[in-house]
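Novice: below is the sequence, then the predicted model.
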Amino acid sequence: MPFDNLLLERDGAVAILTVNRPKVLNALNAATLDELRRAVLELKHDDGVRVVIVTGAGEKSFIAGADINELAVQTPTSGREHALRGQHVLDLIENLGKPVIAAINGYALGGGCELAMACTLRIAADAARIGQPEINLGILPGYAGTQRLARLVGKGRALELVLTGAPIGAAEAERIGLVNRVVPAAELMTEARKLAAALVTNAPIAMRYIINAINKGLEMPFAEACVFEATLFGLVASTDDMREGTRAFLEKRKAVFKGG
Ligand code: COA
């Protein structure tokens with residue numbers, strides 16, 4: 001089904017999903033969020049897609065947050081539903097089972113920062129500005145930003161970013177671990193595609209279990225998480241890709257993983 005607010009293109013096994021509302025700096029209204037939910041589910045179930053890149057249309061913004069026109073008229077009940085809907089979509093992204101790379105091409109504010117944090121990896125353009133400015137609207141992050149931010153950069157830095165609402169630049173975001181790396185703006189998509197190309201030939205089931213082990217394991221007591229990891233290790237040992245990977249090493253050739 002076509003999208004009104006998203007662009008979805010395929011480059012081999014890499015899918016590039018672009019939030020396309022540049023006139024409002026790609027703010028996420030309910031319709032866009034619903035399209036994201038549909039697109040992400042489509043990509044999850046498409047075995048031809050092994051890596052996803054998410055970015056924003058235009059040169060100025062990744063996503064400048066939830067659409068403030070819609071936020072302004074929330075009631076207590078609709079506000080709760082709004083937050084749960086956003087959290088659900090970001091949870092789908094975080095647990096897509098394949099790497100999702102956020103290519104942060106400008107403002108990643110509020111829901112934009114939250115969406116980027118739900119991605120598996122983040123590359124930022126050097127001019128990007130990232131933060132959780134909700135406090136300036138008299139609200140708080142509602143797409144699990146308080147939780148993912150604290151887990152990514154630690155409690156002290158998360159509290160500072162969310163309480164002050166002040167965005168930080170890309171270099172500072174890299175320093176505190178909010179993004180994996182910073183590149184010149186003009187090279188952002190090339191670098192994102194290069195990273196995707198490096199991942200796209202990896203064994204898909206092993207990548208899915210790695211994401212699962214880290215995402216779910218971090219929410220468990222350490223000892224239970226280790227048992228969970230061992231179980232996934234056992235499961236991956238049943239795959240053709242595991243046999244191919246180990247055999248290729250011993251035969252001194254490059255492995256060809258088929259995803260089985
Ligand atoms: N929701 C709805 N519309 C938004 C938006 C958002 N989150 N962010 C930007 N826009 C709209 C602006 O209202 C403006 O629309 P207009 O041309 O009809 O006036 C357009 O996008 C361009 O934004 P503008 O503010 O003129 O650009 P700027 O370069 O001066 O400032 C920002 C850029 C990102 C600093 C500023 O737009 C901003 O602070 N946005 C809100 C960020 C935010 O609080 N996000 C969290 C929401 S929970």
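Specialist: Looks like it arrived, so ask away.
Novice: spell out which parts of the stretch 51-200 of the chain neighbour the ligand.
Specialist: The stretch 51-200 of the chain has residues 64-69, 71, 107, 109-110, 133-134, 137 near the ligand, with proximity defined as CB under 6 Å from any ligand atom. Heads up, the C-betas are built off the backbone N, CA and C, glycines and all.
Novice: surely Glu9 forms part of a strand?
Specialist: Yes - assessed by DSSP: H, G, I helix; E, B strand; the rest coil, Glu9 belongs to a strand.
Novice: for it, which non-adjacent residue is closest in space?
Specialist: Leaving aside its sequence neighbours, Glu9 sits nearest to Ile16 (CB to CB, 6 or more residues apart in numbering; 4.9 Å).
Novice: likewise Gly111?
Specialist: Spatial nearest neighbour of Gly111, chain neighbours left out: Ala66 (4.3 Å); criterion: CB to CB, 6+ apart.
Novice: what residues are up against His88?
Specialist: Neighbouring residues of His88 by CB atoms under 8 Å, 6 or more residues apart in numbering: Arg37.
Novice: any idea how far Arg37 is from it?
Specialist: Distance of His88 to Arg37, given as CB to CB, to the nearest Å: 7 Å.
Novice: same thing with Leu178?
Specialist: Distance, Leu178 to Arg37, using CB to CB: 25 Å.
Novice: pick out whichever of these two has more residues nearby.
Specialist: Counted by other CB atoms under 10 Å, Leu178 and Arg37 do not tie: Leu178 has more neighbours, with 25 against 17.
Novice: test for you: state the pLDDT assigned to Met1.
Specialist: Met1 is assigned 68 on the pLDDT scale.
Novice: for the closest residue to Ala27 other than its chain neighbours, grab phi and psi.
Specialist: For Ala27, ignoring the flanking residues on the chain, the nearest one in space by CB to CB, 6+ apart is Asp67 at 4.3 Å. In terms of degrees, to the nearest 10, the main-chain angles of Asp67 are phi -70, psi 120.
Novice: Glu42: how many residues sit nearby?
Specialist: 14.
Novice: repeat for Thr164
Specialist: By other CB under 10 Å, 14 other residues sit near Thr164.
Novice: ok, the residue in the stretch 101-250 of the chain positioned nearest to the ligand - contacts?
Specialist: Of all residues in the stretch 101-250 of the chain, the one sitting closest to the ligand is Gly110 (2.6 Å; CB to the nearest ligand atom). Going by CB under 8 Å, 6+ apart, Gly110 touches Ala64, Gly65, Ala66, Gln132, Pro133, Glu134, Pro141, Gly145.
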